[in-house]
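K.L.:
Attaching a predicted model along with its sequence, questions to come.
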Protein chains: 2
Amino acid sequence: MGREERKRPATLRTVARSAGVDVSTVSRVLNGSPEDAARAASRETAEAIREWAARLDYRPNPHAKSLRTQRSNLVGVLVPRLSDVVLATIYEGVEDAAAGHGLATFVMNSHDRPAEQRARTELALSRRVDGLVLGDAHHDGVFAGELAERGVPFVLVSRHAGEHPAVTCDDYRGGRLVAEHFLALGHRRAAVIAGEPFASTGIDRTAGFADRYREEGLDVASVHSGFDTVGGHRAAEQLLAADPRPTALFAVNDFAAIGALGAVRDAGLRPGADVAVAGFNDIPLAAELPVPLTSVRSPMHEMGRRALELLVTVLDGQHPESQRLEPELQVRASTAGQEIVTR
Amino acid sequence: MGREERKRPATLRTVARSAGVDVSTVSRVLNGSPEDAARAASRETAEAIREWAARLDYRPNPHAKSLRTQRSNLVGVLVPRLSDVVLATIYEGVEDAAAGHGLATFVMNSHDRPAEQRARTELALSRRVDGLVLGDAHHDGVFAGELAERGVPFVLVSRHAGEHPAVTCDDYRGGRLVAEHFLALGHRRAAVIAGEPFASTGIDRTAGFADRYREEGLDVASVHSGFDTVGGHRAAEQLLAADPRPTALFAVNDFAAIGALGAVRDAGLRPGADVAVAGFNDIPLAAELPVPLTSVRSPMHEMGRRALELLVTVLDGQHPESQRLEPELQVRASTAGQEIVTR
DNA sequence: CTGAAAGCGCTTACAG
DNA sequence: CTGAAAGCGCTTACAG
């Protein structure tokens, strides 16, 4: 064991010598397009080259290739936190799609802090990524604007900002879906746990929800919060203290909703029976909770895939349209009017 | 916007010309060690070079550097699933530590499938990573053995296999801690939801638990399961069907434990009151559940950090010892003997 | 169909 | 203290 025993990998030159041809021929046959390969060598020569390449376990050196072509086939991905299952799942989608394009990705956490966003982006750029997928855009669009100004190819995912190409869930529509569900259940006093004010997800989900209630002539209280359980718990406490107290709570993400469930219980109320609670994203855990959580399913993996595909078109010089994917309401016991035992 | 507007970044040559010196001098001043830099140019020359570099926003081209030095400063990380918060958190630790060494990391999912482990590893190797951090080792050690055979530098994290350098939690000890806790509560009939049979985590946690019970002359039933909620639910159902039924369940990870909580409820029993349930890892959610989950805290982030540090010593040609980090039992309502409202 | 040459942007002995 | 040169492993006009 130990690097000392690793022998140098085969190079174009190694296989060229073995096959008795020039390196340029080997390059065309092995790494060129099919047409290139076809006109670069006779069938037999090509055959021989491929055989030697296999025997010597030749693998193109990506550094040499990138240096020469000025293309790294690397894309940088920025997320607030990878340990958030929503972002991790989106990233899995990005990675899947990237593999299909021969691209490698690397992720970094920005913790939603502008200084870190900048630092991580510069790091990616100094690593010569071909482009970026940003999952942590702030709604003000300042940072994205700077990148666009500099001509850096990028797309946004999960959150949109300004007019930059983005793949998101139709969060506004998702918010409306929850409002309609609540209204159908007869809830006239509803409130929103709105998440961070800089994220378009929370903004749009809240707006869709509030607009639908407004159409019925009803106002909804809303309070900002962290996207985590603790934030949701606190926000729910605050909202439940109102008089008259709301009978339904919409948290703009599932972790905040789980916190809200706790707050409802702490107030001596039964989630589902006394206070309806709905979340957003439909993470796998939502269905497994003791009181299964009603949630809006957002196609996280698919969003990631599409974002990467969108980036590919940007790298191709196009100026693609943003995409909004359809959300879907999953009704469960937390809004069912009575407690239902899981499964 | 668009890549057409991006101007070529400054190179060593650009700044050399501006400063009126040779590229080799610039290289030594900018990218060499402090001593190199000192003896490469007079203070004024060095000063001038640095000034020009800053003005031109010079950043060393990593591909050229890697090509020349045969070192990529890249490490590949393999995990079963990044959307598992345990692995995501470990990865965050790896990444943090890597940044401190000027290394970049990229993660890939293997889904615990040998074919994917191999494919992803080959991909990483063809990208010329300097080394690997494997979070998905199988206990048989076959794959790790092959890598060692080939002289590929790597370390294991979270799970160990064979004698390969690994950073893990002391899982055996963690299992014992739970057993001791259960015994102190008077539970004589306990059972284990043991996880996948190929993971050292589940194996060791189960062994530690069972050994401690055996010391009291007691046997424990155990059944393998997936590491997810569904797997835990099924396994718990099976265990609870025994006659006499166990009064305490130890699930080797928190998601399986959450599934077990559901199964306990479905059986008309109260978690904590009728059946004690404990998990492992102490994910953030554990404390936020309606019945907060007793769990063994494993230092996930720290494990990731240490694994990277260990890899650095391996890359340095050393043959370091494996490390086992201390687990810590967090007692909560799910084993408290009575239901306690969250927070 | 095939080859010879230049060059991507670095580092590092070698010389002075 | 500083420079000139070679070379890492590729790709791609240019020639034939």
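P.N.:
Received the coordinates, thanks.
K.L.:
C-alpha only now, for contacts and for neighbours.
P.N.:
Noted.
K.L.:
Chain B contacts on the stretch 1-150 of chain A?
P.N.:
A:1-6, A:59-64, A:66-67, A:82-86, A:88-89, A:92, A:105-107, A:126-128, A:148-150 (Cα under 8 Å from any Cα of the partner chain).
K.L.:
Within reach of DNA strand C, which of these are there?
P.N.:
A:64, A:67 (Cα under 7 Å from any atom of the strand).
K.L.:
Now go through the residues of the stretch 1-150 of chain A next to chain B and say which are in helices.
P.N.:
Among those, the ones falling in helices (DSSP state H) are A:62-64, A:66-67, A:85-86, A:88-89, A:92, A:126, A:148-150.
K.L.:
Could I get the full set of strands for chain A?
P.N.:
A:74-79, A:104-109, A:131-134, A:154-157, A:166-169, A:190-193, A:221-223, A:248-251, A:276-281, A:294-297, A:323-325, A:328-330 (DSSP state E).
K.L.:
now the first one against strand A:104-109, angle please.
P.N.:
With axes from the mean of the first three to the mean of the last three Cα atoms, to 10 degrees defining the directions, strand A:74-79 sits at 30 degrees from strand A:104-109.
K.L.:
list the helices and strands strand A:74-79 packs on?
P.N.:
strand A:104-109, helix A:114-126, strand A:131-134 (3 or more Cα pairs under 8 Å, 6 or more residues apart in numbering or on different chains; DSSP states H and E).
K.L.:
Tabulate those (a markdown table), appending mean neighbour count and mean pLDDT.
P.N.:
Output for these, formatted as a markdown table (neighbours: other Cα atoms under 10 Å in any protein chain shown; pLDDT from 0 to 100):
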| stretch | mean neighbour count | mean pLDDT |
| --- | --- | --- |
| strand A:104-109 | 24 | 93 |
| helix A:114-126 | 16 | 94 |
| strand A:131-134 | 26 | 98 |
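K.L.:
quick revisit: make a ChimeraX selection of the buried ones in the residues of the stretch 1-150 of chain A next to chain B.
P.N.:
Under the burial definition 16 or more other Cα atoms under 10 Å in any protein chain shown, those of these that qualify are selected in ChimeraX by:
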select /A:1,2,3,59,60,61,62,63,64,66,67,82,83,84,85,86,88,89,92,105,106,107,127,128
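K.L.:
Return the residues of the stretch 201-343 of chain A in contact with chain B.
P.N.:
Checking the stretch 201-343 of chain A against chain B by Cα under 8 Å from any Cα, the hits are A:229, A:258-259, A:261-262, A:265-266, A:285, A:288-290, A:314-315, A:317-318, A:341-343.
K.L.:
Type out the PyMOL command that picks the buried ones from those.
P.N.:
Remark: buried members of those, expressed as a PyMOL selection using 16+ other Cα under 10 Å:
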select buried, chain A and resi 229+258+259+261+262+265+266+285+288+289+290+314+315+342
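K.L.:
Give me the subset of the residues of the stretch 201-343 of chain A next to chain B that lies in helices.
P.N.:
Reading helices off these with DSSP H, I get A:229, A:258-259, A:261-262, A:265-266, A:314-315.
K.L.:
To DNA strand D, which of the strands of chain A lies closest?
P.N.:
Among those, the nearest to DNA strand D by Cα to the nearest atom of the strand is strand A:74-79 (15.4 Å).
K.L.:
Pairing partners for that closest one, with directions?
P.N.:
Sheet pairing for strand A:74-79, assigned by DSSP bridges, gives strand A:104-109 (parallel), strand A:131-134 (parallel).
K.L.:
just to revisit the earlier point, now distance to B:Pro271 too, for the strands of chain A, in CSV please.
P.N.:
Shown next, in CSV, are the strands of chain A (distance: least, Cα to Cα, whole Å):
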stretch, distance to B:Pro271
strand A:74-79, 36
strand A:104-109, 37
strand A:131-134, 42
strand A:154-157, 40
strand A:166-169, 37
strand A:190-193, 30
strand A:221-223, 34
strand A:248-251, 27
strand A:276-281, 23
strand A:294-297, 23
strand A:323-325, 39
strand A:328-330, 27
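K.L.:
in chain A, which segments are predicted with low confidence?
P.N.:
For chain A, applying pLDDT under 70 flags the ranges A:1-7, A:337-343.
K.L.:
Which residue ranges make up each domain of it?
P.N.:
A:3-60, A:72-169+A:301-324, A:171-299+A:329-335 (automatic domain parsing).
K.L.:
for the second one, the distance to its chain's centre please.
P.N.:
From the chain centre to the centre of domain A:72-169+A:301-324 is a distance of 8 Å (Cα atoms, centre = their mean, to the nearest Å).
K.L.:
does that domain come close to DNA strand D?
P.N.:
No. Domain A:72-169+A:301-324 does not reach DNA strand D (Cα under 7 Å from any atom of the strand); its nearest approach is 11.4 Å.
K.L.:
Quick check: end-to-end length of that domain?
P.N.:
29 Å (Cα to Cα, to the nearest Å).
K.L.:
Now do the same contact list for the spatially most central residue of chain A.
P.N.:
Nearest residue to the geometric centre of chain A (Cα atoms, centre = their mean): A:Ile90, 3.3 Å. By Cα atoms under 8 Å, 6 or more residues apart in numbering or on different chains, the contact list for A:Ile90 reads A:300-305.
K.L.:
One more pass at 6 Å, please.
P.N.:
Neighbour list for A:Ile90: A:300-301, A:304 [criterion: Cα atoms under 6 Å, 6 or more residues apart in numbering or on different chains].
K.L.:
Kindly report the same for A:Thr247.
P.N.:
Per Cα under 6 Å, 6+ apart, neighbours of A:Thr247: A:189, A:275.
K.L.:
Also A:Val94?
P.N.:
Contacts of A:Val94 by Cα under 6 Å, 6+ apart are A:304-305, A:308.
K.L.:
now do 7 Å
P.N.:
Going by Cα atoms under 7 Å, 6 or more residues apart in numbering or on different chains, A:Val94 touches A:304-305, A:307-308.
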